[in-house]
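*Asks:* Give the three-dimensional model of this entry:
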Amino acid sequence: LMAPTEILAEQHFLTICNLLSETELEADGKYVVTLNVAGIEESVVIGLLLGSHRKRVKDDIYAMLGAGAIDIIIGTHALIQSPVDIPKLALVVVDEQHRFGVMQRASLSEKGARPHVLAMSATPIPRSLALTVYGDLDVSVIDEMPPGRQSIRTRWVQSDRRDAAYGFVRKEVEAGRQAFIVCPLIEESEAIQSRAAVVEHERLSTQVFPELNLGLLHGRMSLQEKEEVMGRFKTREIDILVSTPVIEVGIDVPNATVMLIDGADRFGLSQLHQFRGRVGRGDHQSYCLLMADSPGMEARKRLKLLERVRDGFELAEEDLKIRGPGDYAGTRQSGLPSLRVASITDQDILAMARREAMRLLETDPELTSEANESLGEHLRKYAGGLTADIS
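*Replies:* Residues are numbered from 1 along each chain as shown. So this is what the prediction gives:
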C-alpha cells in the first residue's frame, strides 16, 4: 500500500495492524510487526517503509521483501525505489492516487508480475476519470457520508472580510472547537506573492489571536516534530494549527470545525477539496473558508465551484471539463489528449467503440489478419514510446 505522506503511511500501518490484532497497537517506532490472525495458520508480517528511515532499517526491509518474508508492506514513495524487490506482489493499493504521477504508479506495479491494482481518491485526476469513462478502469463509488457527519459549509471570503473570517475562527475556538489555517508557502518568496506559514504563524500568534494557542506544521519539519505537533493538536493543547499543504491527507481531528485556506487561488480543485475534508469529521457543524486576495478568472471559477459542489466525484468531472483528460496512454494527467477521440460526453459512441475493441481482442488480439493489418500498423506507430499504468 503506497501513500503520499509519511504521516498517512504510518496511520495506515497502525490501522491495518489494529484491524488484524486482538490488542490495539500504538506508534512506538516499530517498522515490522508479526501478528497471529484468527483463521490464518501462519503468522502475518506487516512492514512500514519510509524515506526517513535509517539506512540499516531500509536494508532490513529490502532483504525481508526480497525473501518474501513480509506479507503486507505499507510505505511512501520509498516503495518505488530501485532496491525494493517484491517478487510475490499480488495486489497494489495506491491511496490518494491523485498525488502520484503515472510513472510512479506504474513503477510500483512493475515490482511484481501483473498485480491487481486498486487506486483510491476522493477527487480523481482528469486522466483517471476519463479512463473510467472509456472502460479502462473499473470504478466503485462511495457516495454516502459516515453516520452522524454533517455536510461542510463552504464560503469564498472576499479579501476585505479577512477580519470577519478571523472573528469567526475565534468564535468557534471559544465554543470549544479547533481550526486549521493553511498557507501555500513555508516561507515568503519574492517570486510568488502569497502568504507563508512561518510568517503567518508569527503574525497570527502576536497580532490576531494572542490569547489562543497556535501551532505550526510544515514539510521541512522532521517526522518526529510533525507527530509532536499533531499530537498536541489532537489533545487540544493547540487551538489553531497554521500549516502548509502538508495536512492535505492523513489528518483526522474530529474536534476541528474550521478550515481557513489563505491564498486559495493558489490551489487546484483536488487540493481544495482535500483540505476541506480535514474538517467535518465529528458531530459538530464544520466550515471551509476560502480566502484569495486577487484571484484570476480561472481561480474564481474554481472557488465558485467549490462553494457549490460538495461531492468529490462531481468536482473531478468539472476538473475534467476545465483541464482536459491528458494522455490516456501517456504520462500527462491533464490537458488535451494527443489521441483524437469522441467527446467524453458521447456515451453511446464510446460504448460502441469499446464493444468493437473487445471483439478485436477476442478474435485478433495481435491485429495480424488481412482485415486488421492496416489498423495494427497505425496502432504500433502510435504506441511507440508511450507509458501507461493500465493494461
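*Asks:* ok, which stretches of the stretch 101-250 of the chain are strands?
*Replies:* 116-119, 153-157, 178-182, 214-217, 240-243 (DSSP state E, counting those that start in this stretch).
*Asks:* and those strands, which one's lowest on average pLDDT?
*Replies:* The minimum mean pLDDT among these belongs to strand 116-119 (a mean of 89).
*Asks:* Now do the buried residues in it.
*Replies:* By neighbour count on 16 or more other CB atoms under 10 Å, the buried set for strand 116-119 is 117, 119. Every C-beta, even on glycine, is put in place using the N, C-alpha and C of the backbone.
*Asks:* same deal with stretch 67-80?
*Replies:* Neighbour counts over stretch 67-80 (16+ other CB under 10 Å) mark 70-80 as buried.
*Asks:* How about stretch 37-46?
*Replies:* In stretch 37-46, the ones that count as buried by 16+ other CB under 10 Å are 44-46.
*Asks:* what's next to that stretch, contact-wise?
*Replies:* 13, 16-17, 20, 32-36, 64, 69-74 (CB atoms under 8 Å, 6 or more residues apart in numbering).
*Asks:* show me where the stretch 1-150 of the chain has helices.
*Replies:* Here the stretch 1-150 of the chain has its helices, by DSSP state H, counting those that start in this stretch, at 6-20, 55-66, 102-109, 126-133.
*Asks:* quick one: which of those helices is nearest His201?
*Replies:* helix 6-20 (19.0 Å; CB to CB).
*Asks:* which one is Arg155 nearest to, not counting chain neighbours?
*Replies:* Spatially, and ignoring its direct neighbours in sequence, Arg155 is nearest to Leu289 (5.8 Å; CB to CB, 6 or more residues apart in numbering).
*Asks:* Tell me which other helices or strands the helix or strand containing that neighbour touches.
*Replies:* Element membership for Leu289 (DSSP states H and E) is strand 287-291. In terms of contacts (3 or more CB pairs under 8 Å, 6 or more residues apart in numbering; DSSP states H and E), strand 287-291 is packed against strand 153-157, helix 162-174, strand 256-262, helix 269-276, helix 297-308.
*Asks:* hmm, try it at 6 Å
*Replies:* Other helices and strands packing on strand 287-291, by 3 or more CB pairs under 6 Å, 6 or more residues apart in numbering; DSSP states H and E, are strand 153-157, strand 256-262.
*Asks:* tell me the contacts of the residue sitting nearest the centre point of the chain?
*Replies:* The centroid of the chain falls nearest to Glu96 when counting by CA atoms, centre = their mean (2.8 Å). Neighbouring residues of Glu96 by CB atoms under 6 Å, 6 or more residues apart in numbering: 4, 249.
*Asks:* any idea how far it lies from Gly263?
*Replies:* Here Glu96 is placed at a distance of 22 Å from Gly263 (CB to CB, to the nearest Å).
*Asks:* picking up where we left off before, which residues does the strand holding Leu289 contact?
*Replies:* So strand 287-291 is in contact with 152-157, 165, 258-262, 264, 276, 303, going by CB under 6 Å, 6+ apart.
*Asks:* Out of those residues, who's the most crowded?
*Replies:* Most neighbours among the contacts of strand 287-291, by other CB atoms under 10 Å: Ile261, with 28 neighbours.
*Asks:* That one reaches Val182, doesn't it?
*Replies:* Yes: at 4.9 Å, Ile261 counts as touching Val182 under the criterion of CB atoms under 6 Å.
*Asks:* Common neighbours of those two, please.
*Replies:* Phe275.
*Asks:* What is the most widely separated pair among the buried residues of stretch 67-80?
*Replies:* Longest distance between any two of the buried residues of stretch 67-80 is 21.4 Å, between Asp71 and His77; criterion CB to CB.
*Asks:* what mean pLDDT does whatever helix or strand Ala353 lives in have?
*Replies:* Here Ala353, judged by DSSP H and E, is contained in helix 347-363. Taken as a whole, helix 347-363 has a mean pLDDT of 79.
*Asks:* any idea how far the following helix or strand past that helix is from the chain center?
*Replies:* Downstream of helix 347-363, the first helix or strand assigned by DSSP H and E is helix 373-383. With CA atoms, centre = their mean, to the nearest Å as the basis, helix 373-383 stands 36 Å off its chain's centre.
*Asks:* give me phi/psi at the nearest residue to Ala113 once chain neighbours are set aside?
*Replies:* Of all residues not flanking Ala113 in the chain, Leu89 sits nearest, at 7.6 Å (CB to CB, 6+ apart). Here is the backbone geometry of Leu89 (degrees, to the nearest 10): phi -60, psi 120.
*Asks:* quick one: pLDDT of Leu89?
*Replies:* Listed pLDDT for Leu89 reads 93.
*Asks:* Surely it and Arg114 touch.
*Replies:* No: Leu89 is not in contact with Arg114 according to CB under 6 Å; the separation is 9.5 Å.
*Asks:* Neighbour count: the two, which is higher?
*Replies:* Legend: neighbour count by other CB under 10 Å for Leu89 and Arg114, higher for Leu89 (20 against 10).
*Asks:* Gln104 versus that one, what's the distance?
*Replies:* Where Gln104 is concerned, Leu89 sits at a distance of 16 Å (CB to CB).
*Asks:* Just the ones in strands from the buried residues of stretch 37-46, please.
*Replies:* Secondary structure of the buried residues of stretch 37-46 is defined by DSSP state E; positions in strands are 44-46.
*Asks:* returning to what we had before: Serialize the helices and strands packed on strand 287-291 to JSON lines and add fields for distance to Glu227.
*Replies:* Output for these, formatted as JSON lines (distance: least, CB to CB, whole Å):
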{"stretch": "strand 153-157", "distance to Glu227": "29"}
{"stretch": "strand 256-262", "distance to Glu227": "17"}
